[in-house]
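In: Sequence and predicted structure are below.
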Amino acid sequence: MGNATYKWFINGTEINGATSSVFTYSDFMAGIQTINLIANSSLSCASPSSVTVTFILAVDEAVIPLITIPFTAEVDMGSPVNINATIQNAGTSPVYQWQDSTMQHSWQNIAASNQQQLIYTPQATSDKLRVQLLSNAQCASTNLVLSNVLVFTVNDTTQISGRIYLYPNPARDRVTVAGIQLNDNWKTLDLIDMNGRKIIPQMNIENQTSVQLTVSQYASGIYIVRLRKENGETKYLKLARQ
């Protein structure tokens, strides 16, 4: 084409300064864009002397990933709470990482917490949760976003007469059965699975207001802590082993 000259157009408007065979542009609006290149040959014998090439480009609108959780939650001491995250523009394979901040440590990842929901047992008022989202949505303006912070209020159930409870629950290593009243005359305690099989041999708990159980050696799942009185009265507490 000899010393060809070039002109570039977007949706019929010529782009000033775009006069080479290579064109770079990044300010496209969302929608269908028509790009034209007109190349003119300097050769008098060229036929045709001018060539027009048209490109049709579909530009998707940028999306913003978003993840939110409740801002506050009130729970009784030792009680687990189910926290669900609400997401937008997370893509087809989002990745989650929950984090907590307590009196014992600043923000850190919670092990094995890579789902959209989390079962969590706060230990004290002002314990905090948040969750990180890694989106694989197409045209996301950013891939990694962080939720708002959830702040817990934890009620001290030891002030509630006659209330027996477990903490932490869910538990990984040890769980404490607390709130046992001496005047209730509880005699024994054992741990059974959901099929009724006894996991921990029957323990005598007379004259005890709390009992600590080691559960690290058991498989993850739901178990039942069973307390009995001499007259046969029974109390059941559900325990989640993580």
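Out: Everything's here; your move.
In: Quick check: can you list the domain ranges of this protein?
Out: 5-59, 66-155, 160-241 (automatic domain parsing).
In: Distance from the chain centre to the second one, please.
Out: Between the mean C-alpha location of domain 66-155 and the chain-wide mean there is a distance of 5 Å, by C-alpha atoms, centre = their mean, to the nearest Å.
In: Kindly reformat the domains of the chain as a markdown table containing mean pLDDT.
Out: Written out in a markdown table, the entries for the domains of the chain read as follows (pLDDT from 0 to 100):
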| stretch | mean pLDDT |
| --- | --- |
| domain 5-59 | 86 |
| domain 66-155 | 92 |
| domain 160-241 | 88 |
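In: Take those domains and lay them out in TSV including mean neighbour count.
Out: All C-beta atoms are positioned from the backbone trio N, CA, C, and that covers glycine. Converted to TSV, the domains of the chain look like this (neighbours: other C-beta atoms under 10 Å):
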stretch	mean neighbour count
domain 5-59	12
domain 66-155	16
domain 160-241	15
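In: list the helices and strands the host helix or strand of L57 packs on?
Out: Secondary-structure element containing L57, defined by DSSP states H and E: strand 50-59. For strand 50-59, the elements it packs on are strand 31-40, judged by 3 or more C-beta pairs under 8 Å, 6 or more residues apart in numbering; DSSP states H and E.
In: rerun that using 10 Å as the cut-off
Out: Applying 3 or more C-beta pairs under 10 Å, 6 or more residues apart in numbering; DSSP states H and E, we find strand 50-59 packed against strand 5-10, strand 31-40.
In: so what's N143 up against?
Out: Taking C-beta atoms under 10 Å, 6 or more residues apart in numbering, we find N143 in contact with 65, 91, 94-95, 133-137.
In: Those residues: which two are farthest apart?
Out: V95 and A137 (12.1 Å; C-beta to C-beta).
In: picking up where we left off before, compare the helices and strands packed on strand 50-59 and give me the one nearest L118.
Out: Distances from L118 to each of these were compared by C-beta to C-beta, and the smallest falls on strand 31-40, at 39.6 Å.
In: Run me through the strand neighbours of the closest one, direction for each.
Out: Next to strand 31-40 in the sheet, as set by DSSP bridges, lie strand 5-10 (antiparallel), strand 50-59 (antiparallel).
In: Same list, those strands, but as a markdown table with distance to Q181 please.
Out: Rendered in a markdown table, the data for the strands paired with strand 31-40 read as follows (distance: least, C-beta to C-beta, whole Å):
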| stretch | distance to Q181 |
| --- | --- |
| strand 5-10 | 79 |
| strand 50-59 | 69 |
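In: looking at these, which is closest to R163?
Out: Taking C-beta to C-beta, strand 50-59 is the member of those nearest to R163, at 60.8 Å.
In: State the next helix or strand along the chain beyond the closest one.
Out: strand 66-68.
In: which helices and strands sit right next to that following strand?
Out: With contacts taken as 3+ C-beta pairs under 10 Å, 6+ apart, strand 66-68 sits against strand 86-88, strand 128-134, strand 144-146.
In: Against which helices or strands is the first one packed?
Out: By that I understand strand 86-88. Contact here means 3+ C-beta pairs under 10 Å, 6+ apart; on that basis strand 86-88 packs against strand 66-68, strand 128-134.
In: How about the longest one?
Out: Contacts defined by 3+ C-beta pairs under 10 Å, 6+ apart place strand 128-134 against strand 66-68, strand 81-84, strand 86-88, strand 95-101, strand 117-120, strand 144-146, strand 150-155.
In: how about a markdown table for the ones you listed, with distance to P201 added?
Out: Formatted as a markdown table, the entries for the helices and strands packed on strand 128-134 read as follows, by distance: least, C-beta to C-beta, whole Å:
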| stretch | distance to P201 |
| --- | --- |
| strand 66-68 | 46 |
| strand 81-84 | 32 |
| strand 86-88 | 45 |
| strand 95-101 | 35 |
| strand 117-120 | 28 |
| strand 144-146 | 47 |
| strand 150-155 | 32 |
